[in-house]
Every structure is written in structure tokens, then in C-alpha cells.
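Asker: Here is a sequence with its predicted model. Questions after.
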Amino acid sequence: MPNSQEPNSTNSSDNKQPHTEVDHSPTPAHATTGSSSIPKGRLNKTPKIIANGSRAFMWYLLSLVVIVIDQWTKWLAETNLTFHEPVPVIEPFLNWTLAYNYGAAFSFLADAGGWQKWFFSGLALVMSLFLIVYLLKAPRQAKLLSTGLALVLGGAIGNLIDRLLHGHVIDFIHVHNADVWHYPIFNIADMGISIGVALIVIDMLFLEKKREVPQS
């Protein structure tokens, strides 16, 4: 006769259910591992370049400021100075000296037969149109580049106005070292072009590549 007090081994083993640990910790908002639902190709992505577009308007305003200051100072020079008679400002380094430049920078082609007026005017016009379009397409985050482009644009238009109205560029800023050394006489438009080119070169050498570095 079987012993009714003996435990049933089969039933006891069936009653033992395995205990499963449930992780109730919150799911991270941004997974960075290979098991993430975000495709791996999107983890390292070059930042999107946004063009200036309509915001180029504020850079055009900067160009306009350069043009206005340039033309105003040239008017003052023509009104108050006598041609090639220096007026000391900071001795012996700076004079106001009214001069006319019929050529390009450093009086290049100044002694040509008059055709240089239309050549340099056309060149300045083409450059100005190019810079106007370039400012529209320049990266919005590249503020140093846009500043340089705007300064060059203002300077180019400032000197273009002189060539069309007078047939020459009006210069009056004379930097020198007594009578030992004389820098070619220049104007505000020339300063805008020089500073603008320097800013563009700095952007090209040190900042342009950083805008293209992929984000991790």
C-alpha cells in the first residue's frame, strides 16, 4: 500500500516558478551604443551649413556704412585741403594730403591713356556684383567671413563711385616716417578693402575647416 504522506516530487517541482528581474529604470532619451534605434550613420554627421539668405541685408548695411563714411571724408578732403599740400596731423607719422589716383592700388597704370578708368570701373563692378551674391550664400555662422566680404564690398563701391564721377580716386591719408619713408596715400575705401581681405584670409586659414568638422 503506498504511503499517502510521501510528497509528490513532480508537483512540487512544477509549483516552483522562476523569478525574473524586471528593469524599471527609465530608458535614456538618446542612446549612443550600437544597439540604439538611431542609425549609426547619423552619429557622426557634418553640421548643416545655413546660408545668410535674407540676413545678408545686415551685411549690406555694413557696406553702406563704409561707402557713406568714405564719400563723406573724401568730400571733406576736397573741400578743406589743397592738392598735394600736406597738413600735419600726428608728426612725423600722419598727414592729410589730397591726391588723385588714376590707376589701381599703389598708382598701378596711373599713367595709362585713360582706358584704365573704364577697365578698373568694370573690374570693380564685376567684383561688387560677385560679393553681393556671395554674401547671400555665405554660411550664416561665418560672421568673420561675412564681415570681411562686406568691408571689401563697401570699399570697392566707394572707389567705383570716384572713378565714375571724377575719373580718379580721391586719396588723403598720408602715413610716413618724416621724409625717410612714405606709404602711398590712401582713403577709407582702401582701408575697408585691406581689413576685409585680412579677415577673409583669417577665416580661410583658421575657421573654414572647423565649420566642416563632423559632429559626434
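Answerer: Noted; the coordinates are in hand.

Asker: need the helices for the protein, in chain order.
Answerer: Here the chain has its helices, by DSSP state H, at 9-15, 56-80, 115-137, 143-166, 188-202, 208-211.

Asker: who's in contact with the last one?
Answerer: In this case it means helix 208-211. Residues outside helix 208-211 that contact it (Cβ atoms under 8 Å, 6 or more residues apart in numbering): 47, 49, 139, 141-142, 145. (Each C-beta comes from the backbone N, C-alpha and C, glycine too.)

Asker: nearest to F93, of these?
Answerer: Nearest to F93 among the contacts of helix 208-211 is L145, at 32.1 Å by Cβ to Cβ.

Asker: Setting the sequence-adjacent residues aside, check what's closest to that closest one.
Answerer: D203 (4.2 Å; Cβ to Cβ, 6 or more residues apart in numbering).

Asker: Test my guess that the one you found contacts A142.
Answerer: Yes. Here D203 lies in contact with A142, judged by Cβ atoms under 8 Å, at a distance of 6.3 Å.

Asker: between those two, who's got more neighbours?
Answerer: For D203 and A142, the more surrounded residue by other Cβ atoms under 10 Å is D203, and the numbers stand at 21 against 18.

Asker: which residues touch the residue most central in space within the chain?
Answerer: Compute the mean C-alpha point of the chain, and by Cα atoms, centre = their mean the closest residue is L145, 1.1 Å away. Neighbouring residues of L145 by Cβ under 8 Å, 6+ apart: 138-139, 199-200, 203, 207-208.

Asker: For it, give its distance to D190.
Answerer: Distance of L145 to D190, computed by Cβ to Cβ, to the nearest Å: 20 Å.

Asker: give the contact list for the residue nearest to W59 when sequence neighbours are not counted.
Answerer: Here the nearest residue to W59 in space, its sequence neighbours aside, is A150; by Cβ to Cβ, 6+ apart that works out to 4.2 Å. For A150, the contact set (Cβ under 8 Å, 6+ apart) comprises 59-60, 62-63, 66, 135, 196.

Asker: can I get those in CSV with neighbour count, pLDDT and distance to T73?
Answerer: Formatted as CSV, the contacts of A150 follow (neighbours: other Cβ atoms under 10 Å; pLDDT from 0 to 100; distance: Cβ to Cβ, whole Å):
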residue, neighbour count, pLDDT, distance to T73
W59, 25, 98, 22
Y60, 16, 98, 21
L62, 19, 98, 17
S63, 25, 98, 16
V66, 25, 98, 11
L135, 24, 97, 24
G196, 25, 97, 17
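
Asker: can you count the residues close to A178?
Answerer: A total of 9 residues lie near A178 under the criterion other Cβ under 10 Å.

Asker: Would you mind confirming that it is in contact with P92?
Answerer: Yes. With contact defined as Cβ under 8 Å, A178 reaches P92; the gap is 4.2 Å.

Asker: how much space between I69 and V175?
Answerer: Counting by Cβ to Cβ, the gap from I69 to V175 is 18 Å.

Asker: repeat for V66
Answerer: 19 Å.

Asker: again with H168
Answerer: 20 Å.

Asker: again, but for V89
Answerer: From V89 to V175 the distance is 10 Å (Cβ to Cβ).

Asker: For the residue nearest to L199 when sequence neighbours are not counted, give me its contacts.
Answerer: Of all residues not flanking L199 in the chain, G148 sits nearest, at 3.2 Å (Cβ to Cβ, 6+ apart). Applying Cβ under 8 Å, 6+ apart, we find G148 in contact with 195-200, 202-203.
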